[in-house]
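Peer 1: Sequence first, then the predicted structure, then my questions.
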Amino acid sequence: MLIEFDSSDTIEGVIRTATTASKHFGEDFEPQVRPADPRFGDFQANGVLPFAKKNNTNPRELAQKLIDALPQTDLWETSIAGPGFINFKLSPSYFLQWLEKFADNESIQKSIQTEKPKKIVLDYSGPNTAKQMHVGHIRSTIIGESLARLLQFLGHEVIRDNHLGDWGTQFGILLYAIKREQIVLDQLGPDPIAKLENLYRQGNKWIKEEESNLAEAREELVKLQNGDSENLTLWRKIKEISMDSFLSIYEILGVRFDHSLGESFYKDKVESIYEKLLSHQICKEDQGALVVFHPEHKRFSKQPFIIRKSDGASNYATTDLATVEYRKNEWNSDQIIYVTDGRQRDHFEQLFLTVEKWYSAEKRESPSLQHVWFGTILGDDNKAIKTRDGEPIKLIDLLNEAISRARKMVIEKKPDLTEEEVEKRSKAIGLGAVRYADLSQDRTLDYVFSWEKMLAMQGNTAPYLQYAVARICSIFRKAQVVPTQIPSTHYQPTTDSERSLARKFLFFPGVIKQTAKELKPHFLGCYLYELATEFSSFYNQSKVMVEEDEIKSLRLTLCARSLSILQIGMDILGIELLEEM
RNA sequence: GCGGGAGUAGCUCAGCUGGAUAGAGCAUCGGUCUUCUAAACCGAGGGUCCUGGGUUCGAAUCCCAGUUCCCGCGCCA
């Protein structure tokens, strides 16, 4: 019998073979193999219950027929429980075979990679220029990066594109403020982006104070959009300053984009969009603007998708349409994934509907479009953190605070480390904590920002996972073997802690699949935490460095597989690991 | 008004798409370091899964109604 990486697949395959051949079941029988409660077994097949219901037979008797039809094997024991569940309790021999078959990170990756690699554009982070990234901006960057890594791990070609908000109306206000204050952009001092942000805030105040100021700001924007050279020069400088600030954050977070084509990149590509959509009668003029309605849709038949404002200017919707076209034509992408705040869901739904009609009118295949949205980070008032007024916590400050708190713990624990080592560990631990705090929770949920939450280092946190890894590495150092060169063994997982750790490995494939299917990193994060918990428990109960070589080899193998899965998983989450803590 | 999301332990959250006695972390209380790293481990207490109906062998999960909070809905992105 072939042992597959995903044990559910192995079991399901065996069941299907049996049921297809059996007169009691047939081809339409769904085994429904799921991880089981450890009290009952390792996997369970639930499919008999609904099938018996549909065919008006006794489920327990039917379950018995299924078991009778299964081939004899020493890989597992089966039993019927409750109303008709079939439990599979895997044998020690199964575990040992699995452990030997998927022996290193490469073979694990190979076993799970896709057969149909796609070219996927991942659109994430996308901060607005002239503003600093604050804590509210962390989610798109971290979630997006993690999904990029996941898809790459699965064998897809991923194009990371940072769709900068560099052509919005904020420039009217900012240019107005710069001119009013007679600011020289080259002389903004050590923290130019903060200065720009203050200017923007000041400008915002001014335009609210007086009508005429608002008019002037609008005029600056029009001049910019019409290619006024003075304003364009200022705009370029602003973008440069912004990019420097973003890049320093990406550097810390280990994020690198293949492209940073902002909205400005598409400003000359929008005219043809209007023409095409008009010629296909997808959009129409309404109240002076060019809009798209979707008559078949209950809501978007009334709620417009504005692709050209009544003043003739383009907007977010327009550039997004042009962006799809560019990514399809120039990069030949099969799929585009947008990682943005959930408040933009209507926008993307409308965008996707519009693209679908447009491409189908031209009989072209549109890329598959997906909006991976996340909840908002809220302030203490339960409202979204916003930049316009007040001073939200800067992202850079959060990251630095995380590193400095980790630093205290690192030094406390090991006072004699070199400065270089302290630096390395504090960074891995502090940033890991922040990343994990966000990634370990369902992305669709809003949460209130708190230092305590973001910087926790005990319990279900990245440092806990990193600590488990450090302990494993320590064992291998003491044992003087490398994880890939452990002597083979005949000793099978026997004790409770050996068995339950080995058992945990088997659920990794399913977790990866689910994470990829729903594009929700928290499935992986939670699993890794559970795995680390199993390992810690194993570590406390079973000494690895024992006299008996056979037992030692098995336990080293369990350490090695824990390490592999933690390495792979943490790498996908973008969290660094340490060999010592 | 229309549409979307959410309501699970004192707090923060999981709950594998309908499975068996609902789980973690934090906090509280108790135990474990001359033994591979105590950022750890073991244990205890803590629940009207918002409320009320329904669907069925079986519901935190699906459907309906109500309720509370959040978000979106014509020229911001």
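Peer 2: Yes, it's here.

Peer 1: give me the number of residues near residue A:12?
Peer 2: 19 (other Cβ atoms under 10 Å). C-beta coordinates here come from the backbone N, C-alpha and C atoms, glycine included.

Peer 1: C-terminal to the helix or strand where it lies, what's the next element?
Peer 2: Under the criterion of DSSP states H and E, residue A:12 resides in helix A:7-21. Note on helix A:7-21: by DSSP H and E, the next helix or strand toward the C-terminus is strand A:33-35.

Peer 1: Show me which residues of that next one are buried.
Peer 2: A:33, A:35 (16 or more other Cβ atoms under 10 Å).

Peer 1: do that strand and RNA strand B meet?
Peer 2: Yes - residues of strand A:33-35 contacting RNA strand B under Cβ under 7 Å from any atom of the strand: A:34, A:35.

Peer 1: and for stretch A:275-284, what are the contacting residues?
Peer 2: Outside stretch A:275-284, the residues that touch it by Cβ atoms under 8 Å, 6 or more residues apart in numbering are A:274, A:290, A:291, A:292, A:293, A:307, A:321, A:354, A:357, A:358, A:361, A:362.

Peer 1: Out of those, the closest to RNA strand B would be?
Peer 2: residue A:291 (4.4 Å; Cβ to the nearest atom of the strand).

Peer 1: How about the helix holding residue A:12 and RNA strand B, touching?
Peer 2: No - with Cβ under 7 Å from any atom of the strand as the criterion, RNA strand B is not reached by helix A:7-21; the gap is at least 9.0 Å.

Peer 1: Dump that helix to PDB, restricted to CA.
Peer 2: Output in PDB follows, covering the C-alpha atoms of helix A:7-21 (Å, rounded to 0.1, in the frame of the first residue of the first chain):
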ATOM      1  CA  SER A   7      -2.400  10.400   5.200                       C
ATOM      2  CA  SER A   8      -6.100  11.400   4.500                       C
ATOM      3  CA  ASP A   9      -5.300  10.800   0.900                       C
ATOM      4  CA  THR A  10      -3.800   7.400   1.600                       C
ATOM      5  CA  ILE A  11      -6.900   6.300   3.600                       C
ATOM      6  CA  GLU A  12      -9.300   7.900   1.300                       C
ATOM      7  CA  GLY A  13      -7.700   6.100  -1.700                       C
ATOM      8  CA  VAL A  14      -8.000   2.800   0.000                       C
ATOM      9  CA  ILE A  15     -11.600   3.400   0.900                       C
ATOM     10  CA  ARG A  16     -12.500   4.500  -2.600                       C
ATOM     11  CA  THR A  17     -10.900   1.500  -4.200                       C
ATOM     12  CA  ALA A  18     -13.000  -0.700  -1.900                       C
ATOM     13  CA  THR A  19     -16.200   1.100  -2.200                       C
ATOM     14  CA  THR A  20     -16.000   1.500  -6.000                       C
ATOM     15  CA  ALA A  21     -15.700  -2.200  -6.300                       C
END
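
Peer 1: tell me the average confidence for that helix?
Peer 2: For helix A:7-21, mean pLDDT rounds to 94.

Peer 1: which helices and strands does it pack with?
Peer 2: Judged by 3 or more Cβ pairs under 8 Å, 6 or more residues apart in numbering; DSSP states H and E, helix A:7-21 is in contact with strand A:33-35, strand A:43-45, helix A:59-69, helix A:508-518.

Peer 1: please redo it, this time with the cut-off set to 6 Å
Peer 2: The elements that helix A:7-21 packs onto, with contact taken as 3 or more Cβ pairs under 6 Å, 6 or more residues apart in numbering; DSSP states H and E, are strand A:33-35.
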